[in-house]
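**Student:** need a structure here:
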Amino acid sequence: MKRKSVRGALPFIFSVAALSFPLSGVFDTSTIFLGEVPWFVGAIVVVFIVIIGAAFDMLGVAAAAARETPFHAMASKRVFGAKRAIFIVRNAEKVSSLASDVVGDIAGVLSGAGALAVAVQLSAAIGAQGWIHEFLVILLTAFTTALTVGAKAAGKTLAIHSPTPIVLTASKVLETFLLWKRPRTARGAKRSPN
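**Tutor:** Numbering: from 1, shown residues only. Presented below is the predicted three-dimensional model:
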């Protein structure tokens with residue numbers, strides 16, 4: 001049984017690994033961009049990357065910790081996003097891997113690289129040289145690491161204690177996005193009584 005389950009998971013594992021390559025490239029482009037903008041703009045982008053990483057990490061934990069039962073009750077009351085939440089919980093292993101291991105981890109690595117770029121920009125802006133420049137770089141990268149770890153720890157704690165509202169919120173966002181992306185004709189056809 002274990003061999004079959006591992007073999008069955010191999011396509012997903014390879015898909016996740018393949019997906020991480022373009023995602024990492026997209027995120028990494030932001031660190032190149034940070035070297036060309038004022039340091040305060042770069043700092044905002046780094047904080048945004050930290051928040052994205054922590055949010056996806058939180059979703060991954062919440063998906064693993066949530067149970068289907070409350071979402072079935074919501075779905076029976078036609079709560080928007082409840083059916084999508086059931087799908088997320090049923091596929092918790094895949095959702096957790098994509099959210100935490102792909103987006104969360106990549107964002108964590110790149111926030112450090114972004115912090116380095118911001119530190120160099122700030123150092124140049126204030127004319128810091130020598131040991132002051134080195135100290136500034138170490139200080140900002142260490143602060144970003146602490147911010148990332150703290151945000152992820154807070155997110156995971158919240159996800160373990162309140163997984164249901166987190167999964168429901170994520171499912172509502174995803175459902176809204178999918179409805180927005182769906183062609184107008186398809187949306188009209190779905191709403192029609194026939």
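**Student:** dump the residue contacts of the residue positioned nearest the centre of the chain.
**Tutor:** Centroid-nearest residue in the chain: residue 56, 3.0 Å away (criterion: C-alpha atoms, centre = their mean). By C-beta atoms under 8 Å, 6 or more residues apart in numbering, the contact list for residue 56 reads 99, 100, 103, 104, 107. No exception for glycine: its C-beta is placed from N, CA and C like everyone else's.
**Student:** swap the cut-off to 10 Å and go again
**Tutor:** Contacts for residue 56 (C-beta atoms under 10 Å, 6 or more residues apart in numbering) come out as 95, 98-107, 152, 155, 170.
**Student:** which of the residues you listed count as buried?
**Tutor:** 95, 98-104, 106-107, 152, 155, 170 (16 or more other C-beta atoms under 10 Å).
**Student:** Which ones among the residues you listed map onto strands?
**Tutor:** In strands, defined here by DSSP state E, there are no members of these.
**Student:** and the helix or strand where the residue nearest to the centre of the chain lies, which residues are buried?
**Tutor:** Secondary structure assigned from DSSP states H and E places residue 56 in helix 39-65. Using 16+ other C-beta under 10 Å as the test for burial, helix 39-65 gives 39, 42-43, 45-47, 49-65.
**Student:** the inter-axis angle of the helix or strand where residue 89 lies versus helix 39-65?
**Tutor:** Per DSSP H and E: residue 89 is located in helix 82-90. Put simply, helix 82-90 runs at 80 degrees to helix 39-65, going by axes from the mean of the first three to the mean of the last three C-alpha atoms, to 10 degrees.
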